[in-house]
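S.K.: Need coordinates for the below:
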Amino acid sequence: MPDEAMDPAARDEVFAALLKQHPDAFVGAVSPMGLAVPLPEGLDIGGLRPIVGAQSALALVVTEDQKITVDAWQRALGQGLANCLIHPVAAPTELVRLHLVDMTHRYGVFLMFLTGLSGHPHGRSLEHEPIRPRLVTVHKDQVAVITSADPEIALVLGWTAAELTGTRTLDLVHPDDQQRAIASWMDMLASPQGEARRVRLRHLHRDGHPIWFEITNYNLLADPGNPRVVAEMLDISDEMAAQEALRAGEKLMRRLTETIPMGIVQIDAARRIVYQNERAARAIGAGLGDVLGDDYLRPIVPGDRPDIDAAIAAVLDAGSDVDVEYGHRGERGLRRVRANLRSLTAEGGEVTGAIICLTDVTEDVRLRDELKQRASFDALTGCRNRASTLSALGEALAGPGRTRGTAVIFIDLNDFKQVNDRYGHAAGDQLLTHVANRLRGAVRDGDVVGRFGGDEFVVICADVATAERARRIGESLLTALGEGCLEVAGAQLLPQASIGVAWGDSGTCAPDALIARADTAMYTAKKTRTGRLALALAQ
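M.R.: Predicted coordinates for the structure are as follows:
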């Protein structure tokens with residue numbers, strides 16, 4: 001079970017002690033996302049030497065010690081403080097200590113210290129080559145003026161986030177791409193709330209050289225609390241450079257396509273294959289001169305086939321550029337493939353064929369789904385995590401068409417520490433999982449069961465007509481917990497819980513207020529309980 005987080009005052013004392021005890025240490029700043037950022041203004045580091053150029057703490061350590069560093073970072077996120085012994089890249093034969101201290105309460109960042117690096121020249125900073133991120137996020141208003149950006153954008157475009165704030169994004173776009181940027185923006189403005197539009201554009205770096213981005217603009221302008229457009233900017237310079245090189249000539253294309261990790265197919269206007277590299281030939285099973293039709297598209301999963309047919313038609317008939325992802329069944333089973341289709345045109349502008357780039361993105365999709373799962377669900381219990389639970393509550397209260405109220409049930413396990421102390425943390429984990437399963441089995445379809453932290457659970461129930469109905473839902477959860485027991489080490493563990501129930505009108509009650517009322521009711525139940533299970537309804 002996770003230890004309790006260190007309070008800010010104690011973290012201040014640790015920070016001061018590190019400054020005093022290690023006057024020759026190296027110091028750097030890390031954002032809560034885990035990426036290195038400049039040391040904050042106003043931070044007095046005395047004679048400490050700064051760490052510069054590192055993308056994260058991982059960039060400072062040898063590959064073999066990266067897992068140790070990740071574990072320490074996770075402890076620092078949960079407890080506010082962590083340290084570990086590592087071998088730095090700058091001196092791989094030396095064993096030094098990496099300290100991580102949560103100073104977000106004072107400076108908005110975590111601070112990392114390297115102590116014991118005696119062999120590094122005195123007065124020299126610890127320098128590393130910065131690693132440019134591929135994906136950065138920018139927030140814009142309704143007229144495409146930047147309101148905020150990831151700090152890492154400085155590594156991509158050369159301007160800091162502060163310098164870009166207030167800048168019109170069109171001014172950063174390559175002049176040749178500005179009309180396409182405007183058309184895509186207008187299309188996005190006309191799209192429904194929450195939908196996205198994607199466009200590929202060149203942006204100009206601060207030094208004047210162009211960078212290709214695939215920009216996905218999410219229309220959140222109808223958000224009453226924070227109207228904005230969220231733009232995910234993916235650096236695709238390498239991909240576009242490869243595609244432009246392919247168009248430079250068939251000879252160069254044939255030399256390049258055998259060396260890059262994707263299938264390359266060239267078809268003419270009648271869909272006949274005029275060139276394919278070895279990777280594409282294995283994937284498609286066709287030969288030169290064959291028509292790319294039903295015989296070779298049949299392995300595509302039926303649900304994705306219309307998208308592929310439409311993409312090929314759009315490229316050959318309209319000269320459009322299309323990117324599409326689909327499922328493919330072959331010798332290696334079901335795979336996910338991304339196809340980038342680009343038209344080929346003659347000098348007169350007529351479409352003569354197309355280039356199709358095929359990339360196996362199965363692992364990327366799996367990782368994307370896994371990251372999404374980790375971002376939304378608690379790894380131990382399978383319940384929604386705290387952030388996802390609060391998001392679900394916000395949707396329940398503000399979702400379109402809500403005409404009834406929302407119930408929040410706050411569950412706190414009583415005497416849970418005694419279970420850990422007597423039977424061990426593994427038994428405590430089993431009890432948490434058992435409680436989560438009992439709660440999920442007792443709620444309605446569509447209700448959300450979240451683990452709020454430690455031994456606390458929160459259930460979100462939308463479309464609940466009255467406070468009395470909310471109370472009955474809470475009582476059903478009491479019944480579910482009361483009927484189930486868990487056998488651990490020959491002992492029968494019965495969940496002991498205090499439950500607080502709160503109900504509010506959708507559209508008029510704030511999520512934080514409803515959570516606070518349920519929490520207060522839970523403490524009332526805890527104080528007045530006479531048995532192992534107790535419930536109170538917020539007034």
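
S.K.: Near residue 474, how many other residues are there?
M.R.: Each residue near residue 474 was counted by other Cβ atoms under 10 Å, and the total is 27. Glycine gets a C-beta too; all of them are placed from N, C-alpha and C.

S.K.: and what of the one 5 residues further on?
M.R.: Applying other Cβ under 10 Å, we find 13 residues neighbouring residue 479.

S.K.: Three-state assignment for it, please.
M.R.: Of the three states, residue 479 takes helix under DSSP: H, G, I helix; E, B strand; the rest coil.

S.K.: Surely it and residue 441 touch.
M.R.: No. Because the distance of 11.2 Å does not satisfy Cβ atoms under 8 Å, residue 479 is recorded as not touching residue 441.

S.K.: For residue 136, list each beta-bridge partner.
M.R.: Counting by DSSP bridges, residue 136 is bridged to residue 233.

S.K.: need the contact list for it.
M.R.: Listed by Cβ atoms under 8 Å, 6 or more residues apart in numbering, the contact set of residue 136 reads 149-150, 152-153, 156, 232-233.

S.K.: In terms of helix, strand or coil, where does residue 323 fall?
M.R.: State at residue 323, reduced to three classes by three-state DSSP: strand.

S.K.: what about it, how many neighbours?
M.R.: 14.

S.K.: which residues does it contact?
M.R.: Applying Cβ under 8 Å, 6+ apart, the residues contacting residue 323 are 198, 338-341.

S.K.: Which PyMOL command selects the buried ones in those?
M.R.: Buried subset of the contacts of residue 323, written as a PyMOL selection, criterion 16 or more other Cβ atoms under 10 Å:
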select buried, resi 338+339+340+341
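
S.K.: Turn the contacts of residue 323 into TSV, including pLDDT and distance to residue 513.
M.R.: Listed next are the contacts of residue 323 as TSV, based on pLDDT from 0 to 100; distance: Cβ to Cβ, whole Å:
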residue	pLDDT	distance to residue 513
198	94	38
338	91	45
339	91	49
340	94	49
341	93	51
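
S.K.: Which ones among the contacts of residue 136 lie within strands?
M.R.: 149, 232-233 (DSSP state E).

S.K.: can you pull out the strands in the stretch 1-150 of the chain?
M.R.: Counting by DSSP state E, counting those that start in this stretch, the stretch 1-150 of the chain has these strands, from start to end: 26-30, 36-37, 49-52, 81-86, 96-103, 109-115, 126-127, 135-140, 146-149.

S.K.: hey, C-alpha coordinates of the fifth one in PDB?
M.R.: Same thing as strand 96-103. C-alpha atoms of strand 96-103 as PDB (Å, rounded to 0.1, in the frame of the first residue of the first chain):
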ATOM      1  CA  VAL A  96      25.900   8.500  -7.300                       C
ATOM      2  CA  ARG A  97      22.600   9.300  -5.700                       C
ATOM      3  CA  LEU A  98      19.700  10.900  -7.500                       C
ATOM      4  CA  HIS A  99      17.300  12.800  -5.200                       C
ATOM      5  CA  LEU A 100      13.800  13.900  -6.300                       C
ATOM      6  CA  VAL A 101      11.800  16.400  -4.300                       C
ATOM      7  CA  ASP A 102       8.300  17.700  -5.000                       C
ATOM      8  CA  MET A 103       8.500  21.500  -4.800                       C
END
